[in-house]
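A.B. asks: Got a predicted structure plus its sequence, pasted below:
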Amino acid sequence: EAGVAQSPRYKIIEKRQSVAFWCNPISGHATLYWYQQILGQGPKLLIQFQNNGVVDDSQLPKDRFSAERLKGVDSTLKIQPAKLEDSAVYLCASSSPRLGRRQGSPLHFGNGTRLTVT
Amino acid sequence: LAKTTQPISMDSYEGQEVNITCSHNNIATNDYITWYQQFPSQGPRFIIQGYKTKVTNEVASLFIPADRKSSTLSLPRVSLSDTAVYYCLVGPPNYGGSQGNLIFGKGTKLSVKP
């Protein structure tokens, strides 16, 4: 199966500018996640979608970050305006419901978008 | 969600077996233990998941004692390509729409030397 696709691969912007990241999950995966990974740290969950509805966005800085998944497939994460501390890799992941499995389903990650804010 | 503690880094040599232990003293009854591997410039990749005793797949083994307060990821005969960061996650099953096994710590950076 094709993996999680993300674009762009790299992005450099100046502070106070806006930026958007795109994610296409694995076909059939209803759940989509956006993570932020700062250099040297583990990924931090920003938002979780189930189809086109938000399950958890408690860690999303809503004053500057927004995300949508309008048709329950692709997703876009936006930052406006960007700050220096937003420099990180933004990872998208998806998972399959597979309700028949007691242990649930693992996350499948894309290779991320590396954002540098100058 | 249960907090996990892993060594920050480990060194090994090619051909050796590597065991990475994760402590999770407050694991809950319905929590599963999941390990991911992350190479530089890539997203994490699922390795193995278990609930109790031992789980083995083509990549690794996962050992979980009866009290489930820790777990050990075992990588047999590592090679240079196993150099990566390894994350231990503990949480309820990740079903779509639920807040499952989604919290990453800082992980263990494994360096394999020739």
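C.D. replies: Here it is on my side, so go on.

A.B. asks: And the residue of chain B that's closest to chain A?
C.D. replies: Residue of chain B nearest chain A, by CB to the nearest CB: residue B:43 (2.8 Å). Placement of C-beta: from N, CA and C, glycine included.

A.B. asks: how many other residues sit next to the closest residue to that residue other than its chain neighbours?
C.D. replies: Nearest residue to residue B:43, sequence neighbours excluded (CB to CB, 6 or more residues apart in numbering or on different chains): residue A:109, at 2.8 Å. Neighbourhood size, residue A:109 [other CB atoms under 10 Å in any protein chain shown]: 24.

A.B. asks: OK, contacts around residue A:109?
C.D. replies: A:4, A:35, A:91, A:92, A:93, B:42, B:43, B:44, B:45 (CB atoms under 8 Å, 6 or more residues apart in numbering or on different chains).

A.B. asks: and the fifth one, what pLDDT?
C.D. replies: Okay, so that is residue A:93. Looking at residue A:93, its pLDDT reads 95.

A.B. asks: three-state assignment of it?
C.D. replies: strand (DSSP: H, G, I helix; E, B strand; the rest coil).

A.B. asks: and it, how far is that from residue A:10?
C.D. replies: Applying CB to CB, to the nearest Å, the value for residue A:93 to residue A:10 is 19 Å.

A.B. asks: Of those two, which one has the most company?
C.D. replies: residue A:93 (27 against 11).

A.B. asks: tell me which residues form a beta bridge with the more buried one?
C.D. replies: residue A:33, residue A:109 (DSSP bridges).

A.B. asks: Could you find the residue in chain A that comes nearest to chain B?
C.D. replies: residue A:109 (2.8 Å).

A.B. asks: how near is that residue to residue B:51?
C.D. replies: 23 Å.

A.B. asks: where in chain A is pLDDT low?
C.D. replies: For chain A, the stretches flagged by pLDDT under 70 are A:1, A:97-104.

A.B. asks: First-to-last residue distance for stretch B:38-54?
C.D. replies: The straight-line separation of the ends of stretch B:38-54 (CA to CA, to the nearest Å) is 23 Å.

A.B. asks: For that stretch, buried residues please.
C.D. replies: B:38, B:43, B:44, B:45, B:46, B:47, B:48, B:49, B:50 (16 or more other CB atoms under 10 Å in any protein chain shown).
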